[in-house]
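**Student:** Sequence first, predicted coordinates after that:
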Amino acid sequence: MRGGLAWLVVAALGSARGEANPAHPTKVRAGLALPPCDPLAPRPRVHVYNLPEDLTDAPNSERRWRSYAMFFARVRTSPFYEADGRCADYFLIPHRAFTFVTSKQPAMRGLAPRLFSFIAQRWPYWNASARVDSARHIIYSPCDYGPECLHVDKAYKSRSARRLPRAHPADRTRLVLHVELTGREDWRPSLDGGETCGRCFLPGVDIRLPSPPDHNCGPLCGYSHAVLVRNAIWGRPPAERRALLAARREHTFFFAGRSMHTGDARSLLRAHHAGRPGWRIGVSAGLGGRVSISDAMLSASFCGSPPGKQDGDSDRFLPALLFGCIPVFFEHDGQREWRPLEGHPDVPWDAFSLRVRTRDIAQLHAVLGNISHARVVRMRTAMAGAWERMLFTSFPIERAKFDWWRMRAEGGEWAARKSWKWASYLGESGSRDAFAGLMDILRARLQPDAPPLMFTSNQRALEAQLPSGVSS
Ligand SMILES: *[C@@H]1O[C@H](CO)[C@@H](O)[C@H](O)[C@H]1NC(C)=O
Ligand SMILES: *[C@@H]1O[C@H](CO)[C@@H](O)[C@H](O)[C@H]1NC(C)=O
């Protein structure tokens, strides 16, 4: 395909008028001006819709929640931003990113149908994507359960999908791709003969991102940046890192945290393995708890990453990778959990993580006991090419976040000290960060043979996009 998705629109318009498809996007035929798209601009070209306020407006604090504002700022200042929708491959939809508190607000009701019908009426790109049968509209939805950032339901049924043609989470032919933190493929037959799902992850369409910088258990999970730098294995001198990768660790398995999901991975772990020698199964972690996550992950070979709240995002995989602890994901039978940036060539999850069915948790000690130390070392070493892809190094982060946990412990007033900085967590450049990885995946859908692109962020432009009222 030569230009963006929009080029198809123009080509289709051209053929509707009985003309041959234009040979070049800058050519003008029969009064039909074709957009001056830059043929050398890197793909994917991502356009951001400019929507009326009643469809997008949200309080500033929510816009910042889970890097919502940062995500849009990063797209707008990246080489992939396309100001002219006619040249774009993908269309990012701003919306009321909201938390469970605002989901009860009347303004949210009926928002999704209004939003999508506005887009389909106002611009030709939605209909064009239907013609080529391709999900080119992007919703950034960092809520725990995935699509519920925009759609108020939590159990989606194909029957209700009829009211929102090709935009509903439970429509497998949807033209919208969710960029989200959960990867649960939980589709099952419903009583009305259709399907139902709660997370509705569509493999090959939706993309799971790693936990963003301001997530409770993102790169900082109960410890400060200083502790991360001291304990993580990837920022250390090569000889020290090699020794840590090869070392036997004191504990076989570690998990500590709350149990708030509908499945049973966390309680099964406790029931079957609490008190087992070499196993650390804790109830609470981090602040006020007895366990330091960074110390515990650094001294364990395997780290549990069970599903989060109501089977939503599981987040422990991220600190686990930073401390060289092999993440163990848990899956309900028949519900695959797709992992962050899965499919990206730099992130071969099976080389450095495990997936265990919840019904096998009782046997987890046998499963792990079966894995040789040599294989453990190989798995740890395989994380070396992947950990940078799990970090949003090119996003600015609240400086205070680096010290959030410490300040909370000391009863400090962290909100008053908000300021922004770019976070190189362990000395990495950011050219291979999670955002770049997301762009790689989107590009591969357009140009399957293209190699990953390296790019650096335009920090000056990013700075101009910081939320107003804060200085960098
Ligand atoms: C897209 O298709 C719908 C349904 O056919 C139609 O109502 C709408 O006007 C079309 N949008 C545009 C911009 O032409
Ligand atoms: C241990 O490994 C062997 C050989 O790969 C396999 O047949 C067996 O099922 C494994 N046992 C467990 C408990 O995973």
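**Tutor:** Yep, that arrived. Ligands and ions are numbered 1, 2, ... in the order given.

**Student:** Tell me the spacing between residue 367 and ligand 1.
**Tutor:** Distance, residue 367 to ligand 1, using Cβ to the nearest ligand atom, to the nearest Å: 52 Å. Every C-beta, even on glycine, is put in place using the N, C-alpha and C of the backbone.

**Student:** Now do the SS call for residue 170.
**Tutor:** Using DSSP: H, G, I helix; E, B strand; the rest coil, the structure places residue 170 in coil.

**Student:** Bridged to the residue nearest to it when sequence neighbours are not counted, which residues?
**Tutor:** Excluding the flanking residues, the one nearest residue 170 by Cβ to Cβ, 6 or more residues apart in numbering is residue 156, at 3.8 Å. Residue 156 has these beta-bridge partners by DSSP bridges: residue 197.

**Student:** Which secondary structure element of this structure has the lowest mean pLDDT?
**Tutor:** Lowest mean confidence among the helices and strands of the chain (mean pLDDT, DSSP states H and E): strand 28-29, at a mean of 40.

**Student:** one step back: contacting residues for the residue nearest to residue 170?
**Tutor:** By Cβ atoms under 8 Å, 6 or more residues apart in numbering, the contact set of residue 156 is 147, 168, 169, 170, 196, 197, 198, 200.

**Student:** And the first one, how far from ligand 1?
**Tutor:** Spelled out, that is residue 147. 23 Å.

**Student:** you'd agree that residue is up against residue 141?
**Tutor:** Yes. Between residue 147 and residue 141 there is a contact under Cβ atoms under 8 Å: 5.8 Å.

**Student:** who's more crowded, the two?
**Tutor:** Neighbour tally, residue 147 and residue 141, criterion other Cβ atoms under 10 Å: the higher count belongs to residue 147, 28 against 24.

**Student:** still on that earlier bit, and the residue nearest to residue 170, how far is that from ligand 1?
**Tutor:** Distance from residue 156 to ligand 1, by Cβ to the nearest ligand atom: 23 Å.

**Student:** Pull out the buried residues from stretch 186-194.
**Tutor:** Applying a neighbour-count criterion of 16 or more other Cβ atoms under 10 Å, one finds 186, 187, 190 buried in stretch 186-194.

**Student:** Could you look up the SS state of residue 119?
**Tutor:** Going by three-state DSSP: residue 119 is helix.

**Student:** Surely it touches residue 138?
**Tutor:** No. The pair residue 119 / residue 138 is not scored as a contact, 11.9 Å apart, by Cβ under 8 Å.

**Student:** between those two, what contacts are shared?
**Tutor:** 91, 93.

**Student:** the more surrounded of these two?
**Tutor:** The neighbour comparison of residue 119 against residue 138 (other Cβ under 10 Å) goes to residue 138, with 23 against 19.

**Student:** Do the helix or strand hosting that one and ligand 1 come into contact?
**Tutor:** Taking DSSP states H and E as the criterion, residue 138 maps to strand 137-141. No. Using Cβ under 6 Å from any ligand atom, strand 137-141 never reaches ligand 1; the gap is at least 13.3 Å.

**Student:** and this structure, which residues reach ligand 2?
**Tutor:** Applying Cβ under 6 Å from any ligand atom, we find that the chain lies next to ligand 2 at 363, 366, 367, 370.

**Student:** Which positions in the host helix or strand of residue 129 come out as buried?
**Tutor:** Using DSSP H and E, residue 129 maps to helix 125-131. Within helix 125-131, the residues scored as buried using 16+ other Cβ under 10 Å are 125, 126, 128, 129.

**Student:** Quick check: the two most widely separated of the residues you listed?
**Tutor:** Spanning the widest gap among these are 126 and 128, at 7.2 Å by Cβ to Cβ.

**Student:** Residue 160 versus the residue nearest to the spatial centre of the chain, what's the distance?
**Tutor:** Nearest to the geometric centre of the chain sits residue 209, at 1.6 Å (Cα atoms, centre = their mean). Residue 209 is 26 Å from residue 160, where distance means Cβ to Cβ, to the nearest Å.
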